[in-house]
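Participant: Could you look at this predicted model? Sequence included:
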Amino acid sequence: MRQELMSLPKTLADDVARNLVMVGKLLDEDPEQAYAYSRIALRLASRVAGVREAAGFASYGTGKYAEALAEFRAARRMTGSVELWPVMADCERGMGRPERALAMAGEPEVQKLDRAGQVEMRLVAAGARRDMGQADAAVVTLQSSELASNSIQPWTARLRYAYADALLAVGREDEARDWFAKALEADQGGTTDASDRLAELDGIEFTDAFDHESAEVDEASAEADTDGSPAEPGLVGSGEESGASDEPAADEVQEQAEVQEQVEEAAEAEVIEAEVPDESAKGSGEEAERGEG
């Protein structure tokens, strides 16, 4: 790549290099952003094979298989290399054309691939077989000297994983479990989810510790809201819990009735007293009238 960029003016080469670095950094964690950087690099230097290849992988990572295939073909024309042959075949699969991918697996270019490339081509071909509903043929396609080898190579985990998955698809569960275990042994970089698949077959369920802790916190908060919240003024729990009642007790009701009755009798007595004339006062008045006469 460095040699290719040296054919560009220095300022332009630096700009292209910066964008390609971002493509490499973001390809796995943020494919869409990586794709955006690849388009910038492509506009700046579309005649550089490395740029076309990077743009192809960025498109591939975002599921834009037609774009990816076009970029890979362009890069291959520029370099004459067959290195991209397997991923080009996989783009055909992505575009819903597994028969073309399978045809590419039988082309002379495959014989020119290195061992890693041939394993990759075998994986693509097996995937194409499964796309076409040929699950048993997919199992046979993956059987190879690379699969049988006990040595651990960069492709070993993925190859064993694909074989285990193919076995599971045809109902050979016990064998699939063994191969998922073998894939896990070879998967030093954690490139597959073999451990999860193995646990699934063994009937083991994993609980996210963070989610579990969050659930406990939520439960504790709910209990605090129910049992530990301050009571409303004048209340101590409900009537059933404390033995209290919103209605006055029977004794209190009777006492209040008696007091009310006494108040009413006193008021009535005052009214009667005010209405009855004072006889002594009346007699004194009559005597005074007679004296004057």
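Facilitator: Okay, I see it.

Participant: could you give me the average pLDDT of stretch 165-180?
Facilitator: On average, the pLDDT along stretch 165-180 is 97.

Participant: First-to-last residue distance for that stretch?
Facilitator: Terminal residues of stretch 165-180 are spaced 8 Å apart (Cα to Cα, to the nearest Å).

Participant: next one: stretch 90-99
Facilitator: The first and last residues of stretch 90-99 sit 11 Å apart, counting by Cα to Cα.

Participant: Tell me which helix or strand in this protein has the weakest average pLDDT.
Facilitator: Ranking every helix and strand in the chain by mean pLDDT, DSSP states H and E puts helix 239-242 at the bottom, with a mean of 38.

Participant: Low-confidence bits of the chain, can you list those?
Facilitator: Residues of the chain meeting the criterion pLDDT under 70: 205-293.

Participant: same thing but at 50, please
Facilitator: Residue ranges of the chain with pLDDT under 50: 228-249, 253, 259, 263, 267, 269-293.

Participant: residue boundaries of the strands in it?
Facilitator: Taking DSSP state E, the chain contains no strands at all.

Participant: roughly how far apart are the nearest residue to residue 48 once chain neighbours are set aside and residue 40?
Facilitator: Computed as Cβ to Cβ, 6 or more residues apart in numbering, the closest residue to residue 48 that is not its neighbour in sequence is residue 4, at 4.9 Å. Glycine gets a C-beta too; all of them are placed from N, C-alpha and C. Using Cβ to Cβ, to the nearest Å, residue 4 is found at 17 Å from residue 40.

Participant: circling back to that earlier point, tell me, how many neighbours does the residue nearest to residue 48 end up with?
Facilitator: Residue 4: 17 surrounding residues under other Cβ atoms under 10 Å.

Participant: Could you do residue 27 as well?
Facilitator: By other Cβ under 10 Å, 20 other residues sit near residue 27.

Participant: Go ahead and confirm it touches residue 61.
Facilitator: Yes. Using Cβ atoms under 8 Å, residue 27 makes contact with residue 61 at a distance of 5.6 Å.

Participant: Quick check: neighbours shared by these two?
Facilitator: Residues touching both residue 27 and residue 61 (Cβ atoms under 8 Å, 6 or more residues apart in numbering) are residue 34.

Participant: wait, what's in contact with the closest residue to residue 13 other than its chain neighbours?
Facilitator: Excluding the flanking residues, the one nearest residue 13 by Cβ to Cβ, 6+ apart is residue 5, at 4.3 Å. Contact analysis of residue 5 by Cβ under 8 Å, 6+ apart lists 13, 16-17, 45, 48, 50.

Participant: Roughly how far does residue 103 sit from residue 61?
Facilitator: Relative to residue 61, residue 103 is positioned 25 Å away (criterion: Cβ to Cβ).

Participant: do the same with residue 156
Facilitator: In this structure, residue 156 and residue 61 are 23 Å apart, going by Cβ to Cβ.

Participant: Over to residue 54?
Facilitator: 11 Å.

Participant: One more: residue 25?
Facilitator: Applying Cβ to Cβ to residue 25 and residue 61 gives a distance of 13 Å.

Participant: which one of residue 54 and residue 61 has more residues nearby?
Facilitator: Between residue 54 and residue 61, counted using other Cβ under 10 Å, residue 54 has the larger neighbour count: 25 against 19.

Participant: Looks like that one contacts residue 21 (just checking).
Facilitator: No. Using Cβ under 8 Å as the test, residue 54 is too far from residue 21 to be in contact (10.1 Å).

Participant: now, which of the contacts of residue 5 lie within helices?
Facilitator: 13, 16-17, 50 (DSSP state H).

Participant: Of the residues you listed, which pair is most distant in space?
Facilitator: Spanning the widest gap among these are 13 and 50, at 11.5 Å by Cβ to Cβ.

Participant: picking up where we left off before, can you list the contacts of residue 5 in TSV and add neighbour count and distance to residue 166?
Facilitator: Below are the contacts of residue 5 laid out as TSV (neighbours: other Cβ atoms under 10 Å; distance: Cβ to Cβ, whole Å):
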residue	neighbour count	distance to residue 166
13	18	45
16	24	41
17	16	41
45	23	41
48	22	39
50	19	35
